[in-house]
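[1] Here is a sequence together with a model predicted from it:
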Amino acid sequence: MTAQLTCFLASYIVAFMLELARLWKSHVSLRWASLGFTAAGVVAQIWYLLARSQASQLPPLLASTHDWLLVSALLLVSAYLVYMIIAFRREGFASLGLFVLPLALAMVGAASLVRTSPDRLLESARFWKMLHASSLSIGITGVLIGFVLSLMYLLQHRRLKQKKNLGRGFALPPLTALARYNWWMIVISVPMLTLGLLTGFMLILQARKSEVPFTWSDPVVIGFSVLWIGMVALFVWLLYSKPSRNRQVAMLTAWSCGFLVITLVGLQVLVSLTGIPSQHGALPEADSSLLTRLPHVQQYQYDEVKP
Amino acid sequence: MNVRVVYCNHETAGLAVRERLAFSSEERFRSAYTELAARFPAVETVIVSTCNRIEMYFASEERGALPSQEDIARFLSEYHQVPLDDFYSDLRHETEQEAVQHLFLVACSLDSMVLGEAQIVNQIKDAYQRAADVDSVGPIMHHLFQSAMSIASKVRTETKLSEGRISIASVAVGEFGKSIFERFDDKAVLILGAGEMAEETLRYLTDEGVTNITVANRNVERGRALADKWGGTAVPFDGWEELLNRTDVIVSTTGATEPIITANRFAALRKRRGFQRTLFILDLGAPRDFDPAILAIDDNVFLYDIDNLEETCARNRKARTREIDKAVELVNRSTQQFMHEFYHRRTGPVVQQLRETWHTVGQQELDRLFRKLDHLDENDKQQIELTMSRIVNKLLHPPLETIKHQSREGTPHTLLETVKQLFGLGE
């Protein structure tokens, strides 16, 4: 039996619905049920990625853009799940799922739109590609968490300034905690994104010596490089700005992180759908015998990629 | 069941009366229990004494052993040296099921001045524990008070009666302060004025771990008294502005007729250090001590006045009120169940004795029969035993049903005595 993308997608949707239901009835059983469905989704997602990894004989991070996005989504949901279990009694974070689960769903949704066939250039630069993919994956997860924390900060700040109460069943953490966690997320994720970018450049240089057509004009590379400059600017500003500018930090983080994620994922989806040449999502001249062995490809992509 | 409660509370008696009838120290409680045991032996007693109520619960296995309302009033009068006429009309009393229901309502905070407050169940627990320590409780009180605490817990979890804060100070600290700061033990608190509200807020803040307290009051002596009480420092009122940039929380209750600081002056002070730390201001003065325009000066100032907080209190109170019917329904059901279980327990020994006696007689007769009819095989014996058991159960059914039916209304003492006599059941 093979886990399908719809298994964990459905689990996350149910978990999100349960989180919404908690706005009306904040019973502890609903909270456990939501965490249970999230955990079931995580298990199914790991199973799915392992099955694809076995079929392609590649680690999930390197298998394809599809797998890379799913690993990033998995990291996000796993971090959320672990935190919710550890901090189960911290009421302030009780509504975290309302912010994290839609992002995870968007990531999984985006993964279903991008290339599912294995990447090239694997044998010659496997270590560097692994480092490139994993550092970007961790960096993007940090950026996603930073985005969630910034949104929560801005909501909490707005309600406190306007002297409003939180709606029934809805909870937000204290401002100082959100600001602190947000700061750490940016400080951790920007160096990871930098490492991902540098190893990416190195891979391009290596590719120029080989027959693989891998260029600097790859739209994903250009888009990400521009956004990375923005993230580094935010990073430097964070390190040297006065600690009292929490709201500006949250505002900038929300914009830059949101823009980075949307652009990066959007570019990958775009190149996959339009066929613009790119190492990060364009349809390859794929080996159909390998594709048919991959669970998701069998269901969704095989007809499209068959030569 | 013989249970009686005599009580006065915030609805029946004024504070002046309640103060005179209160049991204010452990010593007073102990001597009261000793006196009650001497006056009413074989009676289980629990005294609940809080600032809002004085309640005395009595229970006994023996009929007629319970003290009357007059007996209890006389005890209170003599013990506290208060003339009977000064409080007798303020006393209320309930017996049996109504007494049980009253305790349950009190424990669930449905009879409290602040609906849904959590303290009362702890006060009931303490009262029960204190009575148990002096051997003043027996099986009835054990069952009654343990049930009361269990029902209080059930009401708290199954209704929203205790949800949401409903006092100005608790809303200020709990709903707004804790949404700004993750922790309070490293925060500097400045108290402007030394009013009651400031003190109440300080109680909540110290509960959250605040230790760095500075009190600035125009009356220096009052300010020092408040600072000493909470382990803080008193400073002259005129110097409070200098502390602004070193303070995280300001609680202001000065009673000044004009704001004590303008928005422009506040902005200038905030800019002085460049670094604008997060500042949580509770303006509990009426008229207000802080110009409302201060809120817009920078992102890190959070200013709340009485009206902002009262709005939240009112909404939370309303939400609790909506839960009353549900909670009362739970209490009523629990009371019925308690009474039923209790009566069932009282009739249980007689029922069991009756069953055992009849089945023993049946078995004895069967043994004698089997000795005479030695040709019966095991299967025949089993069939005969089954028939005998069915006959005994059918004969027992009418009296047992009658006992069960009667026990729904209370312990059927007369019926139980009659059954004992009719069927020769011993004690």
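    Everything's here; your move. Numbers count the residues shown, from 1 in each chain, chains lettered A, B, ... in the order given.
[2] Surely B:Trp358 and B:Lys394 touch.
    No: with contact defined as Cβ atoms under 8 Å, B:Trp358 does not reach B:Lys394; the gap is 10.9 Å. (Glycine included, C-beta is placed from N, CA and C.)
[3] Can you mark which positions in stretch A:188-199 are buried?
    A:188-197, A:199 (16 or more other Cβ atoms under 10 Å in any protein chain shown).
[4] Let me know the outermost residue of the chain.
    Because you didn't say which chain, this covers chain A. A:Lys163 (33.9 Å; Cα atoms, centre = their mean).
[5] could you do chain B instead?
    Quick read of chain B (Cα atoms, centre = their mean): farthest out is B:His375, 69.4 Å.
[6] if we can go back for a sec, mind checking how far the residue farthest from the centre of chain A is from B:Phe29?
    Distance from A:Lys163 to B:Phe29, counting by Cβ to Cβ, to the nearest Å: 45 Å.
[7] Same check on B:Pro398?
    Taking Cβ to Cβ, one finds B:Pro398 at 50 Å from B:Phe29.
[8] When those two are compared, which one has more neighbours?
    Neighbour count, other Cβ atoms under 10 Å in any protein chain shown: between B:Pro398 and B:Phe29, B:Phe29 has more, with 19 against 9.
[9] For whichever strand or helix holds the more buried one, name the packing helices and strands.
    B:Phe29 belongs to helix B:26-39 when assigned by DSSP states H and E. Under the contact criterion of 3 or more Cβ pairs under 8 Å, 6 or more residues apart in numbering or on different chains; DSSP states H and E, helix B:26-39 touches strand B:44-49, helix B:69-80, helix B:119-133.
[10] Recalculate using a threshold of 10 Å.
    strand B:44-49, strand B:53-60, helix B:69-80, helix B:119-133 (3 or more Cβ pairs under 10 Å, 6 or more residues apart in numbering or on different chains; DSSP states H and E).
[11] Go through the buried residues of stretch A:188-199 and say which is closest to A:Leu23.
    A:Leu23 has its nearest neighbour among those in A:Ser189, at 29.9 Å by Cβ to Cβ.
[12] Might one say that B:Glu175 is in contact with B:Thr312?
    Yes: at 6.1 Å, B:Glu175 counts as touching B:Thr312 under the criterion of Cβ atoms under 10 Å.
[13] which neighbours do these two share?
    A:165, B:164-165, B:304 (Cβ atoms under 10 Å, 6 or more residues apart in numbering or on different chains).
[14] wait, which of these is closest to A:Leu239?
    B:Tyr304 (33.2 Å).
[15] for that closest one, which residues make a bridge with it?
    B:Leu282 (DSSP bridges).
[16] What are the neighbouring residues in contact with residue 183?
    This is for chain A. A:146, A:149, A:238-239, A:243, A:246, A:249-250, A:253.
[17] please go with chain B instead
    Contacts of B:Arg183 by Cβ under 10 Å, 6+ apart are A:174, A:176-177, B:208-210.
[18] Could you pull up phi and psi at it?
    phi -140, psi 160 (degrees, to the nearest 10).
[19] can you check A:Pro173 too?
    phi -70, psi 170.
[20] Spatially nearest residue to it, not counting backbone neighbours?
    A:Gly92 (3.6 Å; Cβ to Cβ, 6 or more residues apart in numbering or on different chains).
[21] Surely the one you found and A:Tyr181 touch.
    No: checked against Cβ under 10 Å, the pair A:Gly92 and A:Tyr181 is beyond contact range at 11.2 Å.
[22] which residues do the two both contact?
    With Cβ under 10 Å, 6+ apart as the test, A:Gly92 and A:Tyr181 both reach A:152, A:173, B:182.
[23] Can I have the buried ones of those as a PyMOL selection?
    What follows is the PyMOL syntax for the buried subset of the shared contacts of A:Gly92 and A:Tyr181, where burial is set by 16+ other Cβ under 10 Å:
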select buried, (chain A and resi 152+173) or (chain B and resi 182)
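[24] Of the shared contacts of A:Gly92 and A:Tyr181, which is the nearest to B:Gln97?
    A:Pro173 (47.8 Å).
[25] The closest one is in contact with A:Tyr181, isn't it?
    Yes: between A:Pro173 and A:Tyr181 a contact is recorded at 8.1 Å, counting by Cβ under 10 Å.
[26] Please enumerate the shared neighbours of those two.
    Shared contacts of A:Pro173 and A:Tyr181, defined by Cβ under 10 Å, 6+ apart, comprise A:93, A:149, A:152-153, B:182.
[27] can you tell me which residues contact B:Ala293?
    B:259, B:262-264, B:266-267, B:303.
[28] any idea of the pLDDT on the nearest residue in space to B:Pro287 that is not next to it in sequence?
    Leaving aside its sequence neighbours, B:Pro287 sits nearest to B:Thr257 (Cβ to Cβ, 6+ apart; 6.1 Å). Here, the pLDDT recorded for B:Thr257 equals 80.
[29] list the contacts for the residue nearest to A:Phe170 when sequence neighbours are not counted?
    Nearest residue to A:Phe170 in three dimensions, chain neighbours excluded: A:Ser95, at 5.3 Å (Cβ to Cβ, 6+ apart). Residues near A:Ser95 by Cβ under 10 Å, 6+ apart: A:19, A:22-23, A:26, A:152, A:155, A:166-167, A:169-173.
[30] Can you flag which of those belong to strands?
    Among these, none falls in strands (DSSP state E).
[31] Pull out the buried positions in stretch A:238-257.
    Neighbour counts using 16+ other Cβ under 10 Å place A:238, A:244-247, A:249-254, A:256-257 of stretch A:238-257 among the buried residues.
[32] and the least confident of those residues?
    A:Ser244 (63).
[33] Close to chain B: what parts of chain A are there?
    A:26-28, A:91-92, A:156-157, A:159-166, A:168, A:171-181, A:242-248, A:250-251 (Cβ under 10 Å from any Cβ of the partner chain).
[34] hmm, back to that, out of the contacts of A:Ser95, who's nearest chain B?
    A:Leu172 (6.9 Å; Cβ to the nearest Cβ).
[35] Tell me which two in the contacts of B:Ala293 are the farthest apart.
    Checking the contacts of B:Ala293 with Cβ to Cβ, the most distant pair is B:Asn264 and B:Leu303, at 15.3 Å.
[36] between the two, which one's more packed in?
    B:Leu303 (24 against 12).
[37] Can you tell me how far the more buried one is from A:Gln162?
    12 Å.
[38] What ranges in chain B fall below the confidence cut-off?
    B:1, B:273-275, B:408-411, B:426-427 (pLDDT under 70).
[39] Look up which helix or strand A:Val77 falls in, please.
    Going by DSSP H and E, A:Val77 is in helix A:65-86.
[40] What residues of the next helix or strand after that helix count as buried?
    Per DSSP H and E, the first helix or strand lying C-terminal to helix A:65-86 is helix A:96-111. Neighbour counts over helix A:96-111 (16+ other Cβ under 10 Å) mark A:96-101, A:103-105, A:107-108, A:110-111 as buried.
[41] number of nearby residues for B:Arg272?
    12.
[42] How about the one 10 residues further on?
    Applying the criterion other Cβ under 10 Å, we find 32 residues in the vicinity of B:Leu282.
[43] same check, this time on B:Glu199
    16.
[44] What values do phi and psi take at it?
    phi -70, psi -40.
[45] Then A:Pro59?
    Residue torsions, per degrees, to the nearest 10, at A:Pro59 are phi -60, psi 150.
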